[in-house]
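*Asks:* Just need the structure, nothing else, for what follows:
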Amino acid sequence: MEAAEPIVILIVDDHEVVRDGLIATLSAPDRRVVGAAEAGAAIELVRSERPAVAVVDLRLPGVPGNELIARLRELDPALRIVVLSTYLSEQSVRAAYEAGADAYVAKSAGTDELRGALGRVLAGESRSEAPAALVRRLRGDDEPRPRLSAQQERVLLLAAGGATDKEIAAALHITESTARFHLQRVKDLLGVRSKTQVIAEAIRLELIPPGRL
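*Replies:* Numbers count the residues shown, from 1 in each chain. Have a look, this model is predicted:
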């Protein structure tokens with residue numbers, strides 16, 4: 001009796017450590033896991049490998065994750081698609097569903113949550129939770145999002161784009177000390193200390209929406 005062909009899983013993530021880690025974690029005798037760092041490679045692997053499911057990040061170089069999801073859905077309507085993202089908001093979940101995703105998992109939820117989502121979509125289940133309920137469950141309750149002023153949002157977005165204090169001040173027609181003050185207020189609100197941490201936390205809370213960086 002011939003052994004069954006392994007299920008092929010495609011991981012699409014531009015971070016090599018994340019991609020290789022998932023390939024190692026999810027590989028098994030009955031599962032073959034392949035990886036792509038960007039949209040073009042993902043499309044070619046769907047054509048050549050015919051995966052049963054694709055795990056797609058929302059932040060990809062060149063093409064937003066939701067656009068890639070729509071392309072993959074058009075290319076292979078039978079392909080199951082699971083979003084794996086740092087973003088976790090009702091808006092991002094709904095947008096992924098509208099693009100054609102079958103399930104949504106936050107990276108902070110861990111591999112057990114991802115395994116569960118893969119099992120459900122491979123069994124034919126799809127979108128069993130409404131976006132609001134999924135977000136509440138994955139956050140462990142409804143995590144409050146800090147309220148930023150319009151100026152704080154502008155400073156944060158420019159900082160996330162790599163602008164220096166001087167460049168932020170020039171862009172917003174304020175002094176450098178005022179730019180630093182606003183960024184420090186955002187750090188205080190998010191409970192972090194460095195610029196790198198404030199940007200990472202702002203992305204996680206979707207204070208910086210997908211596609212704005």
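*Asks:* Hmm, residue 64 and residue 99 touching each other?
*Replies:* No: Residue 99 sits out of contact with residue 64 when judged by C-beta atoms under 8 Å, with a separation of 9.1 Å. Where C-beta positions appear, they are placed from N, C-alpha and C, glycine not excepted.
*Asks:* Next, please give the residue ranges for the helices of this structure.
*Replies:* Using DSSP state H, the helices found in the chain span residues 16-26, 39-49, 65-75, 90-99, 111-122, 131-139, 150-160, 165-172, 176-190, 195-204.
*Asks:* And the spatially most central residue of the chain, what's its pLDDT?
*Replies:* When the chain is reduced to its mean C-alpha position, the nearest residue by C-alpha atoms, centre = their mean turns out to be residue 85, at 2.2 Å. On the pLDDT scale, residue 85 is placed at 90.
*Asks:* and the helix or strand of the chain with the lowest mean pLDDT with helix 111-122, angle?
*Replies:* Lowest mean confidence among the helices and strands of the chain (mean pLDDT, DSSP states H and E): helix 131-139, at a mean of 78. Interaxial angle of helix 131-139 relative to helix 111-122 (axes from the mean of the first three to the mean of the last three C-alpha atoms, to 10 degrees): 150 degrees.
*Asks:* angle of helix 131-139 against helix 90-99?
*Replies:* Using the same axes, to 10 degrees: helix 131-139 against helix 90-99 is 120 degrees.
*Asks:* which ones are touching the residue lying closest to residue 134 once chain neighbours are set aside?
*Replies:* For residue 134, ignoring the flanking residues on the chain, the nearest one in space by C-beta to C-beta, 6 or more residues apart in numbering is residue 93 at 5.8 Å. Contacts here follow C-beta atoms under 8 Å, 6 or more residues apart in numbering; on that basis residue 93 touches 104, 131, 134, 135.
*Asks:* out of those, who's nearest residue 166?
*Replies:* Nearest to residue 166 among these is residue 135, at 37.6 Å by C-beta to C-beta.
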